[in-house]
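> I'll drop the sequence and a predicted model, then ask my questions.
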Amino acid sequence: MHRRILAPGALAAASLLLAVPASAASRSPGAPGIGDPYYPYYGNGGYDVSHYDLRLQYQPRTDALEGTATISARTTQDLSGFDLDFLLDVSEVRVNGARAAFTASGEHELVVTPKAPLAAGTPITVVVRYSGVPSTKSAYGFTTWHRTPDGAVAADEPEAAWWWFPSNDHPSDKATYDVSVAVPDGTRAISNGTLQSTSSKLGWTRYTWRQNKPQATYLATLALGRFDLTTSTSEGGVPVVNAYSEDLGDDEGAARASLERTGEIVDWLSGYFGPYPFASAGGYVPNTTTGYALETQTRVFYSPKQFANGSNTSVVVHELAHQWYGDDVSLKGWKDIWLNEGFARYAQWLWSEHEGEGTAQELADYVYASHPADDPFWTVAPGDPGPDHQFDTPVYDRGALAVQALRNEIGDDAFFALLKGWPKEHAYGNASVADFQRYAEQVSGTPLAALFDTWLFRPSKPAAPAARAASVAQPAAPGTAVAQPRSWKGIEATNGVHGR
Ligand code: ARG
Ligand code: ZN
């Protein structure tokens, strides 16, 4: 799926050969990739984006998307040019007001060469005018732009942005967003953050959304279609906006019964992770046939399939946990995926305990016992699973098992201080598994190299299950009932559906 790596250097060599003005002989173009070993061409070198302003128009009948992206960035090196990651058809690029040369290269590179070279540390404004039918565009043989009967949805991981806006597509370059989309009256546009305004003219309604906190590119989402919106405020004061496709059929009741608990769950998770980091919360359920959910920042993407067997608060817990673990604190590199999925799964275990459906320890024991030593489950190392296994079950389940092992090693006091301290330590930033190990050692005063190696990095079943914590009662998380585990009801049908 994501696993197509061009001959290393092919693209880099091509960029280097592009005409460089003689006056800038010492300047070279930014690299076509940001340096992530899992995905060598994702993101780009040489600049750092602070804001994306997207002003778009979309016609659901034809899937035609057009508009302008205005990107505010700063160069991080002397540059003769730079790349953006993008697939649609570009008609004009301007850098600091002046028309720039541009060409498409590789699978998703838009190579931009400004009139004059750019010095390191310069603020730049890049305007890209574009249009296209996203569903007709693919890279590496796939598309993640999902059409629906009434529109389309952009929500996938790690690739989603290429189909709807030009970007520095890597979680290590986070930025704020204004997303403004005009759609035919009767259709709605849903995106991240808060709905700043809605206005209508000439048969088109424009929806303008604002994400005022740094957001990774894959966490930006856009849904276009017929939706019903609900708004509320959580007991803890977090505004909640949910949106439901008007065509959810039999899944609608269960979808609403799940998403309408968003405020309650956000408040409950705040007890473990600290204050909710964003100005708004919520989710949307389009009438798509995709199977997964995604923690798109503040506005979670859910598939109707998540609700085919009735309400599913567990998936809501998973995606909302990502708002802290993944969205507020984002990955430094894609190999750090355990920081997202291990903790989001662990939050589901805490919720199970809260609901009286099995404690975290019971679920850890169950996962450990369910996979014999020769099960390939144990060959995936959640701490560095490789691009082909990034979203495989072990990253989630073995990943959460590792969290339980850590809890048992350092004790509940240190563990819950760590859970809450981490989002504060790296608020709106990026961090790696190595950063987490260091922080956990600091908070607990316990050397953890062996534990991390055993549970996250060794491609084999650890010899002993995560030992039960010797003592300590669970600390108070607001709204946490003392669990009276009754039965294991399973965590199936939550998330971790693979494939597109
Ligand atoms: N981060 C998502 C989740 O677990 C997983 C998305 C996997 N992507 C996919 N195309 N299946 O919440
Ligand atoms: Zn997840």
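Okay, I see it. Ligands and ions are numbered 1, 2, ... in the order given.

> Return the set of buried residues in the lengthiest helix in the chain.
When the chain is parsed with DSSP state H, its longest helix is helix 393-425. By neighbour count on 16 or more other Cβ atoms under 10 Å, the buried set for helix 393-425 is 393-412, 414-416, 418-423, 425. Every residue, glycine included, has its C-beta placed from N, CA and C.

> now for that helix, which elements pack on it?
Applying 3 or more Cβ pairs under 8 Å, 6 or more residues apart in numbering; DSSP states H and E, one finds that helix 393-425 makes contact with helix 262-273, helix 338-354, helix 360-370, helix 433-444, helix 449-452.

> can you pull the contacts of the residue nearest to residue 410 when sequence neighbours are not counted?
Spatial nearest neighbour of residue 410, excluding adjacent residues (Cβ to Cβ, 6 or more residues apart in numbering): residue 444 at 3.8 Å. Neighbour list for residue 444: 409, 410, 411, 414, 415, 418 [criterion: Cβ atoms under 8 Å, 6 or more residues apart in numbering].

> Spit out the contact partners of the residue of the stretch 301-450 of the chain found nearest ligand 2.
In the stretch 301-450 of the chain, the residue that lies nearest ligand 2 is residue 344 (4.2 Å; Cβ to the ion). Contacts for residue 344 (Cβ under 8 Å, 6+ apart) come out as 295, 318, 319, 321, 322, 325, 326, 396.

> What residues does the stretch 301-450 of the chain have near ligand 2?
Contact residues, the stretch 301-450 of the chain versus ligand 2 (Cβ under 5 Å from the ion): 341, 344.

> The stretch 301-450 of the chain against ligand 1: which residues are in contact?
Along the stretch 301-450 of the chain, the residues adjacent to ligand 1 under the rule Cβ under 6 Å from any ligand atom are 318, 319, 341, 391.

> Any residues of the stretch 1-150 of the chain in contact with ligand 1? List them.
Counting by Cβ under 6 Å from any ligand atom, no residue of the stretch 1-150 of the chain is near ligand 1.

> Show the contacting residues for the closest residue to ligand 1 within the stretch 1-150 of the chain.
Using Cβ to the nearest ligand atom, the closest approach of the stretch 1-150 of the chain to ligand 1 is made by residue 144 at 7.1 Å. With contact set as Cβ under 8 Å, 6+ apart, residue 144 has these partners: 154, 155, 156, 159, 160, 163, 500.

> Grab the nearest non-local neighbour of it.
In this structure, residue 144 finds its nearest non-sequential neighbour in residue 156, 3.6 Å apart by Cβ to Cβ, 6+ apart.

> repeat for residue 36
Nearest non-adjacent residue to residue 36, counting by Cβ to Cβ, 6+ apart: residue 333, 5.1 Å away.

> Look up how far residue 387 lies from that neighbour.
Going from residue 333 to residue 387 by Cβ to Cβ, to the nearest Å gives 11 Å.

> ok, now residue 242?
For residue 242, the distance to residue 387 (Cβ to Cβ) stands at 33 Å.

> Which of those two has more residues huddled nearby?
Between residue 242 and residue 387, counted using other Cβ atoms under 10 Å, the more crowded position is residue 242 (26 against 18).

> And that one, its phi and psi?
Residue 242 adopts backbone torsions of phi -120, psi 150, taken as degrees, to the nearest 10.

> Correct me if wrong: it contacts residue 261.
No: applying Cβ atoms under 8 Å as the test, residue 242 and residue 261 come out as separate, 10.1 Å apart.

> is it true that the residue nearest to residue 144 lies in a strand?
No: looking at residue 156 with DSSP: H, G, I helix; E, B strand; the rest coil, it is coil, so not inside a strand.

> Kindly state the pLDDT recorded for it?
Note for residue 156: predicted pLDDT of 98.

> for residue 27, same thing?
pLDDT, residue 27: 85.

> Spit out the contact partners of it.
By Cβ under 8 Å, 6+ apart, the neighbours of residue 27 are 20, 78, 79, 80, 117, 118.
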